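> Model the structure of this input:
(chains A and B)
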Amino acid sequence: MRNTAAIMQRELLSLFCSPVAYIVLMGFLIATGVIAWVTSAFEPGAPATLRTVFTGTMFVLVIFVPAISMRTISEEYRSGTFESLMTAPVSDFQLVLGKYLATMVFYLIMIAGTLVYPIMMMIFGSPSLGVAFSGYLGLIAVGSAFMAVGIFASSLTRNQIVAWILGTIPLVLLVLFGQFFVQFFEGRLRSFFQSLNIVRRFDQFNRGLISSEDVVFFLGVTVLFLFLAVKVVESRRWR
Amino acid sequence: MIEVKNLSKFYGHVRAVDNISFTVAEGDVVGFLGPNGAGKTTTIRILTCYQPATSGSATVAGHDVFKESLKVRTEVGYLPENVPLYPEMRTREYLRFRGKLRGLDRPEREAAIARVTERCWLGDVIDRPIGQLSKGYRQRIGLADALLHNPRVLILDEPTVGLDPAQIRETRALIRELANEHTVMLSSHNLAEVEATCRKLVIINRGAIVAAGTPDELRQRITGGSKLIAELRGPNEQVAAGIRELNGVSDVHTEAREGWTRVTITSAKDLRESIYTMSTQKGWPLRELRREVATLEDFFVKIVAAAREETVTPKV
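Here you go, the predicted model:
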């Protein structure tokens, strides 16, 4: 536990010492701002909901989440600090978990920046707070699953840029094509691809519907990819 | 303290470490010596649980490096070869982080940091970002990190590489001092360093152990084939023939030099007295007579040269 906390703390410190963190924060806030503007969520007479903004935000996360996680493990490989970490009494699991928690803290800080939109909406209208809450829960669930994929990608390579690309590609496939692929398949495969449709699952949260199935799905993806990352880190022992 | 039995490591088909065995007793200071690429770092990485061995076994402080890796890691203080550090952290932050990983609670940690800061002369840089520090300081931070939890075993991979002469001397003195409290194993490709700091040597080349023992033991083994050099004024052939007749001569090489004959003799015995007697009996004046004792350096250089030749020769 203490090891995980120590690794998390150190990772956060390093994140905030690197320009990447600030570029990601700034880029994300600009992108969500543009989305809020383009979707005219704040037009007079429009319904007091952030649903369109949140949907757009999810697409933006495909690019920004792997940018947060890309350095986590690959930078340790590249700088050689992986060796000093792995020769200290730290388990592979503690390492991956610490990295995940650190990037999630950063992620929460990042999406906290979008809280201005529900606050503005409360000033000018009367949005449903429950729906806004469930929307944020959805963002956290999606972000957590994406982060796990990103950390897995980071565990595969010593190059941050490669880690970012490796993290983004599967997310792009899942988010953008998940919906289109479905129509090419029949039967079991179709329902399989339907269950991978992240856009639809996220939209449930966005409508204020927190279903256990969706929560389990995102948690499951998180656990699966963190587990895979642990296995990759471990793999140097049997290579 | 460290026991290595028939340890081998292959990277694909490349043999990095080939069936080596050695032991390091508690309180020993062992120098692991070999040219670059001999397998030193690979062996050390196996002992510190960073990499698995392909076959064979190794125990450190009584724990198997593969089965009880976490226990081994708590007993070992390790200085990796290139001293990887986080450049964005300050020295104190880094040592605190490492202290936490070592399971030290806050008062223990602060005490340990104060102790290693003094020991490794880090007082000046304790609050500076590591990225701004010179190689010498980085090396000391690595050493401080290895000492933080007061481990029973210290494993140092090339501890003085990249330091200036004054720092090398300081580091060697520090290692000798540490040897009183810890079992130390250090690797080096520099014989002088190992001779200056270690009580025992293990010489490794191309993955295999070539020689092991105390420096004196090794020296004795090498002096077996020592050389005598003599310069006499006498006819070349007669001098050579005369010397060949002496007892214990295995090889004679003569060379004419401005009327003098320079003889290089390889022998198992010290023949200086018999050569002097011969020169007086035959009336050949003697102007030089000395015995060249082979040093460990010669031995080591021979090993390195052999390794280099083999790597230069293209493989068929």
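
> Quick check, pLDDT for A:Arg71.
Looking at A:Arg71, its pLDDT is 92.

> Any buried residues in the helix or strand hosting A:Ser154, and which?
Assigned by DSSP states H and E, A:Ser154 falls within helix A:129-156. Within helix A:129-156, the residues that qualify as buried are A:131-132, A:134-156, counting by 16 or more other Cβ atoms under 10 Å in any protein chain shown. C-beta: built from backbone N, CA, C; applies to glycine.

> average pLDDT for that helix?
For helix A:129-156, the per-residue pLDDT averages 94.

> likewise stretch B:155-171?
If you average the pLDDT over stretch B:155-171, you get 86.

> Which residues does it contact?
Residues from elsewhere that reach stretch B:155-171, judged by Cβ atoms under 8 Å, 6 or more residues apart in numbering or on different chains: B:40-41, B:44, B:47-48, B:76-81, B:121, B:135-136, B:139-140, B:143, B:146, B:172, B:175, B:184-190, B:193.

> show me what contacts B:Gly123?
By Cβ under 8 Å, 6+ apart, B:Gly123 lies in contact with B:Thr117.

> Mind jotting down where the strands sit in chain B?
Ranges of strands within chain B are B:2-11, B:14-24, B:29-33, B:55-60, B:63-64, B:76-79, B:153-157, B:183-188, B:200-205, B:208-213, B:227-232, B:249-257, B:260-267, B:286-292, based on DSSP state E.

> Next, format those as JSON lines and append distance to A:Gly208.
Listed next are the strands of chain B as JSON lines, based on distance: least, Cβ to Cβ, whole Å:
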{"stretch": "strand B:2-11", "distance to A:Gly208": "56"}
{"stretch": "strand B:14-24", "distance to A:Gly208": "60"}
{"stretch": "strand B:29-33", "distance to A:Gly208": "66"}
{"stretch": "strand B:55-60", "distance to A:Gly208": "58"}
{"stretch": "strand B:63-64", "distance to A:Gly208": "55"}
{"stretch": "strand B:76-79", "distance to A:Gly208": "54"}
{"stretch": "strand B:153-157", "distance to A:Gly208": "58"}
{"stretch": "strand B:183-188", "distance to A:Gly208": "63"}
{"stretch": "strand B:200-205", "distance to A:Gly208": "68"}
{"stretch": "strand B:208-213", "distance to A:Gly208": "70"}
{"stretch": "strand B:227-232", "distance to A:Gly208": "93"}
{"stretch": "strand B:249-257", "distance to A:Gly208": "97"}
{"stretch": "strand B:260-267", "distance to A:Gly208": "95"}
{"stretch": "strand B:286-292", "distance to A:Gly208": "92"}
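
> so what's the closest residue to chain A within chain B closest to, chain neighbours aside?
Taking Cβ to the nearest Cβ, chain A has its nearest neighbour within chain B at B:Pro84, 3.3 Å off. Of all residues not flanking B:Pro84 in the chain, A:Gly80 sits nearest, at 3.3 Å (Cβ to Cβ, 6 or more residues apart in numbering or on different chains).

> Would you agree the one you found is in contact with B:Pro87?
No. A:Gly80 is not in contact with B:Pro87 according to Cβ atoms under 8 Å; the separation is 11.7 Å.

> Please enumerate the shared neighbours of the two.
Common neighbours of A:Gly80 and B:Pro87, using Cβ under 8 Å, 6+ apart, do not exist here.

> hang on, the earlier thing: I'd like the strands of chain B as JSON lines, with mean neighbour count appended.
Below are the strands of chain B laid out as JSON lines (neighbours: other Cβ atoms under 10 Å in any protein chain shown):
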{"stretch": "strand B:2-11", "mean neighbour count": "18"}
{"stretch": "strand B:14-24", "mean neighbour count": "17"}
{"stretch": "strand B:29-33", "mean neighbour count": "26"}
{"stretch": "strand B:55-60", "mean neighbour count": "19"}
{"stretch": "strand B:63-64", "mean neighbour count": "17"}
{"stretch": "strand B:76-79", "mean neighbour count": "26"}
{"stretch": "strand B:153-157", "mean neighbour count": "24"}
{"stretch": "strand B:183-188", "mean neighbour count": "25"}
{"stretch": "strand B:200-205", "mean neighbour count": "22"}
{"stretch": "strand B:208-213", "mean neighbour count": "18"}
{"stretch": "strand B:227-232", "mean neighbour count": "20"}
{"stretch": "strand B:249-257", "mean neighbour count": "13"}
{"stretch": "strand B:260-267", "mean neighbour count": "19"}
{"stretch": "strand B:286-292", "mean neighbour count": "13"}
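
> hmm, back to that, surely the residue of chain B closest to chain A and A:Arg78 touch.
No. Using Cβ under 8 Å, B:Pro84 is not in contact with A:Arg78; the gap is 9.6 Å.

> and after the lowest-mean-pLDDT helix or strand in chain A, which helix or strand comes next?
Ranked by mean pLDDT, DSSP states H and E, the weakest helix or strand in chain A is helix A:178-181, scoring a mean of 70. Next in sequence after helix A:178-181, counting helices and strands by DSSP H and E, comes helix A:187-195.

> Right, I'll leave it there.
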